[in-house]
Structure formats: C-alpha cells, structure tokens
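Trainee: My questions concern the predicted model and sequence given below.
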Amino acid sequence: MVILVLNCGSSSIKYQVIDMEAASSKVLAKGIVERIGLAEGDLVHKPVGKERFELRQPIPDHTTGIRLVLDALTDPAHGVIRSLDEVKAVGHRVAHGGEFFPESCLVTEEVKEKIRSLFEIAPLHNPANLEGVLSIEKVLPGVPQVTVFDTSFHQTIPAVNYMYALPHAYYDKYRVRKYGFHGTSHRYVARVGAELAGLDFLRSKIITCHIGNGASVTAVLDGKSFDTSMGFSPLDGLVMGTRCGQVDASAVTYIGEKEGMSYAELNDMMNKRSGVLGLTDLSSDMRDIDRAYDEGDPRAILARDMHYGRIKKFVGQYAAEMGGVDLIVFTGGVGENSEEMRESVCSGLEFMGVKFDPAANKGARGVDKLLSAPDSRVKVAMIATDEELMIATDTYNLVK
Ligand SMILES: Nc1ncnc2c1ncn2[C@@H]1O[C@H](COP(=O)(O)OP(=O)(O)O)[C@@H](O)[C@H]1O
Ligand SMILES: CC(=O)OP(=O)(O)O
Ligand SMILES: [Mg+2]
C-alpha cells in the first residue's frame, strides 16, 4: 500500500512516499520544500534509485509547495509513481490537536472543523496542515487521509507541569494549559536514541532537543513525556526562527498599550516577527544567522547566543525535574546539522556528567551517532528525526 506523508512545518514541507506493504516498509521517495514565504524557496526531491531533482523559485505558501511536490512525484523523469491514483492513503502531520485528539485518526468533517478551531492558537501550523488536507481532497478525492498530532505524545505530562498559575476558571472554561508540540519527533528520537545508547527506553531519563525553525525541548521520563518547553501554543519556550519563546507576559501587554496594538497584532508580532528574525532584522533561517555570526555581525552573535543559551537552560531545568539525565538527544533541521549548536549546549555540563566528544560531533549529520565520550555518564546523541515514518505507520494501521 503506497502512502504519501505530508509534514507541513512552519517554513517547510517534508514528504515521503512509502510502500508499507513491501518487505520492510520501503521508501520510494523523500524530499523537502524549504524557505516557504521567503524570497527564494527550494524543493529537493530524492527519488530512491534515481537522480535527485532540485528546484529554486519563490514558494509563497504551502499550497504552492504541495503542488510542486505532487508534480515531482509523477514526473516522467524523476517521479516514483505513474499517477497519483497509486497513492492509497495520505498521512498528515497536524501541530495542534488540543484536548480533542489523544491519538491519530481518520479525517472526517468533524476532524477538519476541530483543526480549524485551533487556528488561532497555532497560526503558523494548523492552517498549513489543513491546507494540506484540503489540497489532497481536491486532487485525490475519496482517498483516506489520516492526521497525526504533535500534541498526542504530550498527553502524559502531569498537571503539575501543564497548568499555568492563572485563575483556574480559564482552564475550566477554555482549557488553557500547556499542550506541547513536536511530539511525534520527540517520541521517535527518544526511542531510537535510547537504543543507540544501549538504554532501556522505559526506564530512562532522556532530554530531547528538537531544534528546527520551530524548536522545543522535552523531558522524557520512563518512555513518557513529562515536561516540554512549548505550551498552550507553539510560541512558548525557546528562541525560534520567528517566534519569541518565553517572555514576561507583562512586557507584551506593555508593548500593546504603548503601540496601540490589538491582541491579534500582538500575536502576529510574537509568532511572525520575533525570534532570531526579530533580533537581527536579517533572517529566520539559521544558516543565514550562522553566516552573519561568522562575519562578526553583533546582532547575529547575540541572537545565536540567546538561542543556544536558552536550550541549555531547559536541559538544566529538565535534568533537575527528572532527578538526573541519562541521554541528551539533538534533532531537527538545526539539531541534525549544527555542530556549533550541539557543542555550545553541551559545553560546561561536565558537572552533571556530560563528557562531550568534539571529534565525534565534527561532521555528524544525516546518520544517527553518539556524540559523547565512551566514558561519559550522560550519553549525547544526534538522531535524524523521522516524523514521516511514524505518520506513515499510524496511517497504515488506521487504513489497512
Ligand atoms: N546545515 C545547517 N546548519 C544550520 N542550520 C541548518 C542547516 N540546515 C538546516 N538548518 C536549519 O534548520 C531549520 C529548519 O529546520 P526544520 O526542522 O526543517 O524546520 P521546521 O520543521 O520547523 O520548518 C532552518 O532554520 C535551517 O536554517
Ligand atoms: C510545532 C512547531 O513548531 O513545528 P515546526 O518546527 O515544524 O514549525
Ligand atoms: Mg518541523
């Protein structure tokens, strides 16, 4: 059964076409559309056994990106299927499932409505995720679709970690609480990382750092999410591409009053004009920030130091919350590629048993690897996340 997986992130679309009934689920093609909404977008399409195909053009939104992906998949030269009819099911990543979706499910009108009802609190993601579902409905009518939610893995977070110290009425009325995101990725890399480090996943203290354009850190205690840095929405926690992360809420109401900004404008400012983009006025893409950093741009230096520094703060916090840590995992676009980030976060953590191996870190990308010295009490690993495989598996199980 051929399954198409679409993972619409805030700045990217990752996709895979997987034959789930082949001997051991066989990937036919994978690829990524990046820099959506920036001046120049990219598509990199990697068909297995054929030459890769690249495209560079402005990609203003996710619908345009999805159209380019479907064209690439059926192209006579670099395509992997003759026609879209070969696709028997489509799995989608959806960022916010709120309290509605503890598990993956088949798309119905009600599911679409609930995803839509969460637009306000996941403005960079849920609209793109629903756009994916609706685009597929148009080109592949009648093909079953499954949604897999970032929030599902975090359902195990205890109230002591998910409640905000706001009046209880807002939780009762509106379910205002921490939900957490990137759950599919945190779940996958924690398990694979534990295996690589020779740990029992169900009896370990693991800190997973998913650092991409969106970024979050999760404390995984005995196989379950125990705490995570994103909150009610994917805005909280770390410094991100365009999101501010943790900030004193009164600083925001103060700016709103001074500037006469509406709540919607404030939300927009914190989600789309903050983070490393807001700090530098340069770019939301860490590769651009790295370049400016190397050239000595003081704003890029501050932004990167703040970003990395805050990851380290969460590592410390979560180690304290779990009473220690056995394994620290890095993943996501930055986590899988940036030697500097991983080294910076792990430096100075010798006091808690982290013995980082800079030689192992050097050049580590693409292939899962331990980055700690053999005698390090706390293991460190880079694990390439595979949200798509998790999504394909859930999709197959629901559709077959
Ligand atoms: N070689 C690299 N070095 C540093 N950062 C990188 C590298 N390759 C990709 N990235 C960064 O990864 C981020 C995108 O990560 P990704 O996980 O794909 O994001 P999202 O899913 O949130 O859209 C971008 O900021 C990009 O600059
Ligand atoms: C929830 C979230 O931030 O996702 P992404 O990293 O894909 O933007
Ligand atoms: Mg992502």
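Mentor: Sure, I can see it. Residues are numbered from 1 along each chain as shown. Ligands and ions are numbered 1, 2, ... in the order given.
Trainee: going forward, measure contacts and count neighbours with C-alpha atoms only.
Mentor: Will do.
Trainee: This structure against ligand 1: which residues are in contact?
Mentor: With C-alpha under 6 Å from any ligand atom as the criterion, the chain meets ligand 1 at residues 9-12, 212-214, 285-287, 332-334, 337-338.
Trainee: Rank those residues by pLDDT and give me only the lowest.
Mentor: Across the set of these, S10 stands lowest in pLDDT, at 78.
Trainee: Could you verify that it is part of a helix?
Mentor: No. According to DSSP: H, G, I helix; E, B strand; the rest coil, S10 belongs to no helix; its state is coil.
Trainee: hang on, it packs against N126?
Mentor: No. Contact status for S10 versus N126: not in contact, 9.3 Å apart, counting by C-alpha atoms under 8 Å.
Trainee: Please indicate which of the residues of the chain next to ligand 1 are buried?
Mentor: Members of the residues of the chain next to ligand 1 that pass the buried threshold by neighbour count (16 or more other C-alpha atoms under 10 Å) are listed as 9-12, 212-214, 285-286, 332-334, 337-338.
Trainee: Now, the residues of the chain next to ligand 1 that are in strands?
Mentor: With strands defined by DSSP state E, no entry of these lies inside them.
Trainee: now the stretch 201-350 of the chain, which segments are flagged as low pLDDT?
Mentor: Across the stretch 201-350 of the chain, nothing is flagged by pLDDT under 70.
Trainee: Report the contact partners of K138.
Mentor: Shown in contact with K138 (C-alpha atoms under 8 Å, 6 or more residues apart in numbering): no residues.
Trainee: tell me how far the ends of stretch 32-43 are from each other?
Mentor: Counting by C-alpha to C-alpha, to the nearest Å, you get 6 Å between the two ends of stretch 32-43.
Trainee: Report the mean per-residue pLDDT for that stretch.
Mentor: Stretch 32-43 shows a mean pLDDT of 93 in the predicted model.
Trainee: Which positions in that stretch come out as buried?
Mentor: Buried positions in stretch 32-43, judged by neighbour count with 16+ other C-alpha under 10 Å: I32, V33, E34, R35, I36, L38, G41, D42, L43.
Trainee: mind checking how far the residue most central in space within the chain is from ligand 2?
Mentor: Central residue check for the chain by C-alpha atoms, centre = their mean: the C-alpha nearest the mean position is that of H182, 4.5 Å away. Going from H182 to ligand 2 by C-alpha to the nearest ligand atom, to the nearest Å gives 5 Å.
Trainee: Show me which pair in the buried residues of stretch 32-43 is furthest apart.
Mentor: Within these, I32 and L38 form the most distant pair, 15.1 Å apart (C-alpha to C-alpha).
Trainee: quick one: contacts for K178?
Mentor: Applying C-alpha under 8 Å, 6+ apart, one finds that K178 lies in contact with N161, Y162, M163, Y164, M230, G231, F232, S233.
Trainee: If we only consider those, which is nearest to ligand 1?
Mentor: For ligand 1, the closest of the contacts of K178 turns out to be M230, at 13.0 Å, with distances computed as C-alpha to the nearest ligand atom.
Trainee: wait, isn't the closest one in contact with F181?
Mentor: Yes. M230 is within contact range of F181, at 6.3 Å (criterion: C-alpha under 8 Å).
Trainee: Neighbour count for the two, which is higher?
Mentor: Higher neighbour count among M230 and F181: F181, with 32 against 23, using other C-alpha atoms under 10 Å.
Trainee: ok, the more buried one - contacts?
Mentor: Under the contact definition (C-alpha under 8 Å, 6+ apart), the residues listed for F181 are A95, H96, D150, T151, H154, S216, M230, G231, P234.
Trainee: again, only using 10 Å
Mentor: Taking C-alpha atoms under 10 Å, 6 or more residues apart in numbering, we find F181 in contact with 94-97, 149-154, 210, 214-218, 228-235.
Trainee: Help me confirm that it is found in a helix?
Mentor: No. For F181, which was evaluated using three-state DSSP, the result is coil, with no helix membership.
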